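Trainee: Sequence first, predicted model second:
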Amino acid sequence: MDYFAQQLINGLVLGSIYGLIAIGYTMVYGIVGMINFAHGDIFMIGGFIALITFLILVSFGLTAIPLILLVVLLVSMAITALYGWTVERIAYRPLRHSFRLAPMLSAIGMSFVLTNYSQVAQGARVKPVPPIITGGHTLHEGAEGFVVQLSNIQIIVVITTVVLLAVFTWLVSSTRLGRDMRACEQDQTMASLLGVDVDRTISMTFVIGAALAAVAGMMYLLYYGLVDFFMGFVAGIKAFTAAVLGGIGSLPGAMLGGLLIGLIETLWSAYFSVEYKDVAAFSILIVVLIFLPTGLLGRPEVEKV
Amino acid sequence: MGDRVSATPAAPTSRAPSAAFIFKKSVISALVALVLFSLMIGVRTEAGSDGQLTFWTRFGDLAAMVAAVFGGSIIIELLRQWWGPVDTAKVIPAPVQNAVSLAGRFVAPVLLVFTLLVPVLFYNERYVLDLGILVLTYVMLGWGLNVVVGLAGLLDLGYVAFYAVGAYSYALLATNFGLSFWICLPLAGILAAFWGVLLGFPVLRLRGDYLAIVTLAFGEIIRLVLINWQSLTGGPNGVTGIPRPTLFGIPLTNDDNGLAALLGIEFSPTHRIVFLFYLILALALLTNWVTIRLRRLPIGRAWEALREDEVACRALGINTTTTKLTAFATGAMFGGFAGAFFATRQGFISPESFTFHESALVLAIVVLGGMGSQLGVALAALTMIGGFELFRGLDQYRMLVFGMAMVLLMIWRPRGLIGHRAPTVFLQRQQAISSDLVKEGHG
């Protein structure tokens, strides 16, 4: 039971990271109707920028951990958001009214570009960082000496996710930008007739998605203590799986999907085999789509003739 | 249409941006580049021998990159001005159009004759022959995937899975049971087709992007199983010592019952390469021939109908289940053949060869080829693989260039290099339709 509780905690933390990435997929899909294949790599870039900012700040002699974390968070969000904007501007906007497969292939190309860009720029080796946030709390001590631990970094990941999710839900439901986004999601032509700047709204969607991916990248760096140029691919597919699982286009769905994928992966590794954890996550995606083709919280797609 | 054409000559002068505008735009691009590259290129991190991360600055590289972006965006703006507005209709005079379509009719036969002559012309250039084999392998894969994506309109991002199934089928059957290539080839095709049906069943109800992600997941599952099922597949080490193909039982080796000895000619290792070249050419042409024939059968018509409109398809009484499954099975079977060939050519296979990158490459070939055009796929494979080889010297920058080329080609020709396809069914007169008018399927 204690073992299960510990895995539950680990799974929820991992799921929060997946959820943050999944939000970027689900928003872009909701508005533009395309899979942003480069999003996983945006997440990876976010991790790299967080790492570099952290190194620079430490070399300047900063020691206050909360201050460092805040600066790292803001810098990586800002620069990664600009990456998101640039990717949209270069690779997707010229293909906005093209046929459906074109932006998708362009996105796959962009994903190759970003992966290899960071490989060339930062080298192919894994970059480890020493644990920045240490310590934790013992929640429960089992009879056999098994201890359920909740580390501080896990608390930080979950709190950051919850706060960002709250801010983001508010942004989409109660601001002008959010209203524009929802309008574009429903009908771009009508929205532009009513004075919504569609191009700008779509750009902002990419910017927000990239900023959230940067947070996820930083959390990944803090939690696992490493980044490498290839981590975006698998994390990206899993986050997309999460978005589909939760019902693509739905924000709470993305978070729910992320948590589920995180839990499935952790529990599978704990009770069955570590090697097949990705196989488990993908198989569950396939099984869910057979029985619930629109995901858990998605709206059924109306078939128009 | 008429007023749009007449307005064209005046457009470049009235819409030409001023020098100040270009300058401003380039400065903005350079600033964006500065922020983007500031940390990723300006700072280089590396783990030292003691596991500690160190970093050093590279402001020279950063300045060079920003300057390159600045210069590049000026050039792009000037080119754009010279090229004229993108969306004006460019009228091609009828004689030119006729000449182009006449030339187009000769491209395929000329290309085929040239391909047949490649081993004769380049007999002493091993590199060209190897490259030719590689290109033909991708032509075959492209034609195979074309059945699924181009004809049936089912977006498949996991095609490499069937390639892997074919390769491992041959490798395992040949190394464990000593079966010959010619027995294994159909078996590999059948097994791959079986996996195609297996994948096809769960995704029957899915459309478009859901289908794409499930096929991607399927491709990854196959690769992960190949890596982890060590007792069967050898895991990451792969399968070694896969037998070379024989000319229907006659080995191409330097011994007494080898082909060279039987024919009484001097042995040369090039014989095997030439044999492999014609083998893959035959397999690719088989794929092409089967596809062309299938397109004229009811099942091929059903595929194309499915691509254009699934709902209408069902209303007309076409069984979409069997239509989709046969498309998956046929495409997968050709992937399996290509995989078996790959295994016998390499003599060694490992899961490394079957990554998502391969699927993306083959899909890019199909889309660039114009989704459904057989000749287009062949030309796209030649362009992509040939271009990929040209940049071999660039080493680690190669994938970077490849990705950029993919983005740029999509922006330049979103509909593929050959932007039209001939309808299989026509009333009085056969006419090429621009693929802009043809909808892609939604799975």
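Mentor: Great, that's in hand. Residues are numbered from 1 along each chain as shown, chains lettered A, B, ... in the order given.

Trainee: For the longest helix along chain A, buried residues please.
Mentor: For chain A, the helix reaching the highest residue count under DSSP state H is reported as helix A:2-32. The neighbour-count check on helix A:2-32 (16 or more other CB atoms under 10 Å in any protein chain shown) flags A:2, A:6-7, A:9-32 as buried. C-beta: built from backbone N, CA, C; applies to glycine.

Trainee: how about the nearest residue to A:Ala124 once chain neighbours are set aside, secondary structure?
Mentor: Excluding the flanking residues, the one nearest A:Ala124 by CB to CB, 6 or more residues apart in numbering or on different chains is A:Phe229, at 6.4 Å. Recorded secondary structure, A:Phe229: coil (DSSP: H, G, I helix; E, B strand; the rest coil).

Trainee: Okay, strands next: where are they in the stretch 151-300 of chain A?
Mentor: A:226-227 (DSSP state E, counting those that start in this stretch).

Trainee: My error: substitute the stretch 1-150 of chain A in the last question.
Mentor: Under DSSP E, counting those that start in this stretch, the stretch 1-150 of chain A gives strands at A:127-128, A:136-141, A:147-151.

Trainee: Quick one: mean pLDDT over the shortest one.
Mentor: What that stands for is strand A:127-128. In this model, strand A:127-128 carries a mean pLDDT of 84.

Trainee: Which residues does that strand contact?
Mentor: Contact partners of strand A:127-128, identified using CB atoms under 8 Å, 6 or more residues apart in numbering or on different chains, comprise A:Phe48, A:Leu51, A:Gly225, A:Leu226, A:Val227, A:Asp228, B:Thr45, B:Glu46, B:Ala47, B:Gly51, B:Leu53.

Trainee: partner strands of it, parallel or antiparallel?
Mentor: strand A:226-227 (antiparallel) (DSSP bridges).

Trainee: cool, the last one as well?
Mentor: Looking at strand A:147-151 with DSSP bridges, its partner strands are strand A:136-141 (antiparallel).

Trainee: returning to that earlier point: pick the most buried one from the strands of the stretch 1-150 of chain A.
Mentor: Most buried of these by mean neighbour count (mean count of other CB atoms under 10 Å in any protein chain shown) is strand A:127-128; its value is a mean of 18.

Trainee: chain center to it: distance?
Mentor: Put simply, strand A:127-128 sits 20 Å off its chain's centre (CA atoms, centre = their mean, to the nearest Å).

Trainee: Kindly report the same for stretch A:157-164.
Mentor: Centre to centre, stretch against its chain (CA atoms, centre = their mean), the figure for stretch A:157-164 is 13 Å.

Trainee: Alpha carbons of that stretch, as PDB, please.
Mentor: Extracted in PDB, the C-alpha atoms of stretch A:157-164 (Å, rounded to 0.1, in the frame of the first residue of the first chain):
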ATOM      1  CA  VAL A 157       6.100  20.900  -9.600                       C
ATOM      2  CA  VAL A 158       2.600  20.200  -8.500                       C
ATOM      3  CA  ILE A 159       2.000  23.700  -7.100                       C
ATOM      4  CA  THR A 160       3.500  25.400 -10.200                       C
ATOM      5  CA  THR A 161       1.200  23.300 -12.400                       C
ATOM      6  CA  VAL A 162      -1.900  24.100 -10.400                       C
ATOM      7  CA  VAL A 163      -1.100  27.800 -10.300                       C
ATOM      8  CA  LEU A 164      -0.400  28.000 -14.000                       C
END
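
Trainee: And it, what's buried?
Mentor: Neighbour-count burial for stretch A:157-164 flags A:Val157, A:Val158, A:Thr160, A:Thr161, A:Leu164 (criterion: 16+ other CB under 10 Å).

Trainee: out of everything not next to it in sequence, what's closest to the second one?
Mentor: I take that to be A:Val158. A:Val158 sits nearest to A:Ser16 (CB to CB, 6+ apart), 5.6 Å away.

Trainee: burial of B:Leu34, as a residue count?
Mentor: Neighbour count for B:Leu34, taken as other CB atoms under 10 Å in any protein chain shown: 16.

Trainee: follow-up on the earlier one: average model confidence for the longest helix of chain A?
Mentor: Per-residue pLDDT over helix A:2-32 has a mean of 89.

Trainee: Remind me what that helix packs against, helices and strands.
Mentor: Packing contacts for helix A:2-32, counted by 3 or more CB pairs under 8 Å, 6 or more residues apart in numbering or on different chains; DSSP states H and E, involve helix A:39-59, strand A:136-141, strand A:147-151, helix A:152-174, helix A:176-186, helix A:198-224, helix A:231-246, helix A:251-271.

Trainee: Quick check: residues of the stretch 101-250 of chain B near chain A?
Mentor: B:155, B:202-203, B:205-210, B:212-214, B:216-218, B:220-221, B:224-225, B:227-228 (CB under 8 Å from any CB of the partner chain).

Trainee: Provide a list of residues in contact with the residue nearest to A:Val158.
Mentor: A:Val157, A:Val158, A:Thr161, A:Met219, A:Gly258, A:Leu259, A:Gly262.

Trainee: Also B:Gln396?
Mentor: Residues in contact with B:Gln396, defined by CB under 8 Å, 6+ apart, are A:Asn116, A:Gln119, A:Val120.

Trainee: That one and A:Thr115, how far apart?
Mentor: Distance, B:Gln396 to A:Thr115, by CB to CB, to the nearest Å: 11 Å.

Trainee: next one: B:Met40
Mentor: B:Met40 is 13 Å from A:Thr115, by CB to CB.

Trainee: between the two, who's got more neighbours?
Mentor: Neighbour comparison, B:Met40 and A:Thr115: the larger count goes to A:Thr115, with 24 against 21 (by other CB under 10 Å).

Trainee: what sits against the closest residue in space to the more buried one that isn't next to it in sequence?
Mentor: In this structure, A:Thr115 finds its nearest non-sequential neighbour in A:Asp41, 5.5 Å apart by CB to CB, 6+ apart. Residues in contact with A:Asp41, defined by CB under 8 Å, 6+ apart, are A:Met110, A:Ser111, A:Leu114, A:Thr115, A:Ser118, A:Gly232, A:Phe233, A:Gly236.

Trainee: of those residues, closest to chain B?
Mentor: A:Met110 (5.7 Å; CB to the nearest CB).

Trainee: thinking again about what came up before, just the contacts of A:Ser16 now: which is nearest A:Met190?
Mentor: A:Gly258 (31.6 Å; CB to CB).

Trainee: Would you mind listing what in the stretch 151-300 of chain A touches chain B?
Mentor: Counting by CB under 8 Å from any CB, the stretch 151-300 of chain A sits next to chain B at A:233, A:237, A:240-241, A:244, A:248, A:275-276, A:278-279, A:282-283, A:285-287, A:289-290, A:293.

Trainee: PyMOL command to pick out the buried ones of those?
Mentor: This is how PyMOL selects the buried members of these, with burial counted by 16+ other CB under 10 Å:
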select buried, chain A and resi 233+237+240+241+244+248+276+278+279+282+283+285+286+289+293
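
Trainee: The residues of the stretch 151-300 of chain A next to chain B in helices, which ones?
Mentor: Using DSSP H, those in helices are A:233, A:237, A:240-241, A:244, A:278-279, A:282-283, A:285-287, A:289-290.

Trainee: Can you pick out the most distant pair from these?
Mentor: A:Phe233 and A:Ile290 (25.1 Å).

Trainee: Checking the residue sitting furthest away from the middle of chain B next. Helix, strand or coil?
Mentor: Distance from the C-alpha centroid of chain B, by CA atoms, centre = their mean, peaks at B:Asp50 (43.6 Å). At B:Asp50 the chain is in coil, as set by three-state DSSP.
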